[in-house]
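K.L.:
pasting the sequence and the predicted model now:
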Amino acid sequence: MTIALILLIGLLFQILGSAKVYAYIIEDMREVPYYQYNYDVYLHEIPSAAGYYPVKVIKGDDIGVGEFKNPTDVYVDDNNMIYIMDSGNKRLVICDQNFKLKKVINKFFDTNGEVQIAEPEGIFVDKNGLIYICDKGSKLVWIINQEGKVIRTIEKPVSDLKAAQKDFVPFKVVVDNAGVIYVLSLGSFEGAYMFDQNGSFLGFYGSNKVIVTWQLLVDKFWKSILTKEQKSSMVRYLPTECTSIDIGKDGFIYTTSNLTDVSQGEIRKLNYLGENILWYKKQGQTRDFGDIPKYYGKELEDTYFIDIDVTKDGFISALDYERGRIFQYDQNANLLFICGGKGDQVGTFRDPVAIDSINNTLLVLDKLKGSITVFEETLLGKLVHKATLLYNDGKYEEAKRLWEQVHKMDFNFALAQVGLGKALLRMNKFEDAMYYFRLANDKDGYSEAKENLRNDFLKKNFGVLATLFIILIIAIYVAFKKFRKPITAEEILTKKISKYKYPIHTMLHPFRGFEELKEERKGSIGLSLLIVFFFFLVAVINRQYTGFIFNPYRQDKINIISLFSSTVGIFFFWVLSNWMVTTLMEGEGKFEEVWIFSAYSLVPYIICTIIAVIMSQFMIADEAMFINFVKMLGTLWTAVCLFNATKAVHQFSAGKTVGAMITSAIGVGIILFIIVLMLTLFGQLIDFIVNIYSEMLLRM
């Protein structure tokens, strides 16, 4: 009775605890006035829970300064004071973190009296309270104090550098802890201008590299052989200019660019050498930031970052001008949240131009609306931010409790799955860790957990496994000695091979096996059809059952028609092309023979692929070389068999066989091109008929 009572009380507390968690979740699931989404582990767009919620919109009237007119920038200093560059009114509005007005600077003066700022754009406030204002109209950077007095200006530098001789049109500025000033100028592809505290030019910093594309390589080839006049008419390849700049509490410079040709590395974190150190750990390279590029007709729609902000905790928020969306990342370039959009509702924008933050609260400035939208963290956002900091510090077990709550609130949140996997891995719960790593498509984490699980199994069962292995070797040896019959040389010469053994015989003896197959005419059309079927079946097995670590495909999505076309279809076109080509080359092989000989050549590939699939179930990422070796062996072995099959079936010389195979491969390409062309024309014909039919209906 006592035990039952204790269990009942424990169950009650558990239910109440779960209810409390879910109550928090339900309370925090506020609807946002825009489509809330994220990307899953396969980079597919999916609905998600909100990490931020737009709580209010602040206008000039709310602060008590009248309407803002074309504001261009907002900045939050170290004391959480908010500076708003109200460009149309030629003034700087300063308020506290609650948007209570502290000061308005609408007059600027120096020792000679009042000065006029023509077209102010970006602003920055350093640790000493000095305010830096980029003036595109005057082509200056004004440095003023809190009273509006001009301390000094930064002008176009005088330098022998060719890049420094361009027009100086500053629009963004930041200052590091050492007092070095970084200025972005319109049309500058060399990166940010660097000035010391006295305004002396130091050089350029953090230029983007020219992205290597196929078009660039082709143009480079032509430029190497064309004349100087012809080269001058070709496209020049220049680095992409930076669109925004910010400095984090860690002292690193962060920039945004719009690399639309390759759509990768649009956000960078630069070290003192100007090198990008913001890497995507899952891929070991820079990632595609923002939305996944999509084609709408012939037009590519991609993200255009106009501003960037780094919070005190190091979270990177980038503002997309095209769609008004905010993309937030952690220091490992993992996407956390997407919020905002274009429109007139709270949380959406017409002309978003700037973003900054107070702790983890985001402020977004809309130039057209003349307003600042305040986004605060939801419960999910707070949990993710706290857990991410613990996770990035390597405190996986401390973050586990938070990740569990995140996982309940958003099952598709990949970083929560990775965090749970890491924590469980440190707790030696390898199978559970593998489950979460697989959900997150984290192959490296899954491999590490699998290695630990395998080592643990081998330690516990090494004696049994070693004994079984020795017994198996002895059994094979005894069976071989007992049942093996000695074969004389005369029996070897006179022994006839069954037609059912020829597929294996040609695989083991590719040089003479296919010649014997041609001479004895023991090829079987039934066996060849079975082999081609297995060729297709093995492709399905390889696609679906290769170990998770080595499988680049999604097991929940498979296109059988595509697999059939890429195996049986290509094989059929190869046989057809080879038969037609070799007929013109006076080859002796008939269509049926070419089919049989080519099918027998596939046996090594089929066997090696099955072996590789089996190996992938037990091996880890560091052992991929063994699986790749087996696959490569199967491919090369099949190539050797196909060469000898073609040579034997048509009775060609080696050189003529190579020519026939190359021509046959070209023939396959021509056949596929004709099929695609016919399907395209047929599709256009259908569209034409549908349009005619629709037109007739409208006129009736």
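P.N.:
Arrived safely. Keep in mind the model is a prediction, meaning the values are calculated, not measured.

K.L.:
so which strand or helix has the closest residue in space to residue 252 that isn't next to it in sequence?
P.N.:
Closest residue to residue 252 apart from its sequence neighbours, by CB to CB, 6 or more residues apart in numbering: residue 269 at 5.3 Å. Quick note: C-beta positions are derived from backbone N, CA and C, even for glycine. Under the criterion of DSSP states H and E, residue 269 resides in strand 267-270.

K.L.:
who's in contact with that strand?
P.N.:
Contact with strand 267-270 is made by 205-206, 208, 248, 252-257, 276-278, 286, 289, 305, 308, 316, 318, 329, 331, 333, as judged by CB atoms under 8 Å, 6 or more residues apart in numbering.

K.L.:
apart from its neighbours in sequence, what residue is nearest residue 350?
P.N.:
Excluding its sequence neighbours, the residue lying closest to residue 350 (CB to CB, 6+ apart) is residue 368, at 4.1 Å.

K.L.:
next: residue 377.
P.N.:
Per CB to CB, 6+ apart, closest to residue 377 is residue 360, 5.5 Å.

K.L.:
quick check, pLDDT for the one you found.
P.N.:
In this model, residue 360 is scored at 92, pLDDT.

K.L.:
and for residue 211?
P.N.:
Looking at residue 211, its pLDDT stands at 51.

K.L.:
if we can go back for a sec, contacts only, for the residue nearest to residue 377.
P.N.:
Counting by CB under 8 Å, 6+ apart, residue 360 makes contact with 311-313, 315, 377, 381-382, 385.

K.L.:
cool, residue 672 as well?
P.N.:
residue 573.

K.L.:
helix, strand or coil: sort out it for me.
P.N.:
helix (DSSP: H, G, I helix; E, B strand; the rest coil).

K.L.:
what distance do you get for it to residue 461?
P.N.:
52 Å (CB to CB, to the nearest Å).

K.L.:
can you check residue 467 too?
P.N.:
Separation of residue 467 from residue 461 (CB to CB): 10 Å.

K.L.:
so after the worst-scoring helix or strand of the chain on mean pLDDT, what's the next helix or strand?
P.N.:
One helix or strand of the chain scores below all others by mean pLDDT, DSSP states H and E: helix 2-28, with a mean of 43. Heading C-terminal from helix 2-28, the first helix or strand you meet, by DSSP H and E, is strand 37-39.

K.L.:
pull up the pairing partners for the helix or strand following that following strand, direction included.
P.N.:
Going down the chain from strand 37-39, the next helix or strand is strand 45-47, by DSSP H and E. Here strand 45-47 is paired, per DSSP bridges, with strand 37-39 (antiparallel).

K.L.:
okay, buried residues for the strand it pairs with please.
P.N.:
38-39 (16 or more other CB atoms under 10 Å).

K.L.:
now do stretch 312-325
P.N.:
Under the neighbour-count criterion of 16+ other CB under 10 Å, stretch 312-325 has 313-325 buried.

K.L.:
check stretch 43-50 too.
P.N.:
For stretch 43-50, burial by neighbour count (16+ other CB under 10 Å) applies to 48-50.

K.L.:
so which of these is the closest to residue 625?
P.N.:
residue 48 (38.3 Å; CB to CB).

K.L.:
OK, contacts around the nearest residue to the closest one once chain neighbours are set aside?
P.N.:
Closest residue to residue 48 apart from its sequence neighbours, by CB to CB, 6+ apart: residue 38 at 3.9 Å. Residue 38 sits next to 45-46, 48, 335, 337-338, 412-413 when contact means CB under 8 Å, 6+ apart.

K.L.:
poorly predicted segments of the stretch 101-250 of the chain, please.
P.N.:
Residues of the stretch 101-250 of the chain that meet the criterion pLDDT under 70 lie in 209-240.

K.L.:
quick one: the strands in it, in order.
P.N.:
For the stretch 101-250 of the chain, strands defined by DSSP state E, counting those that start in this stretch occupy the ranges 101-105, 108-110, 113-115, 120-125, 131-135, 140-144, 150-154, 170-175, 181-185, 192-195, 201-205, 242-247.
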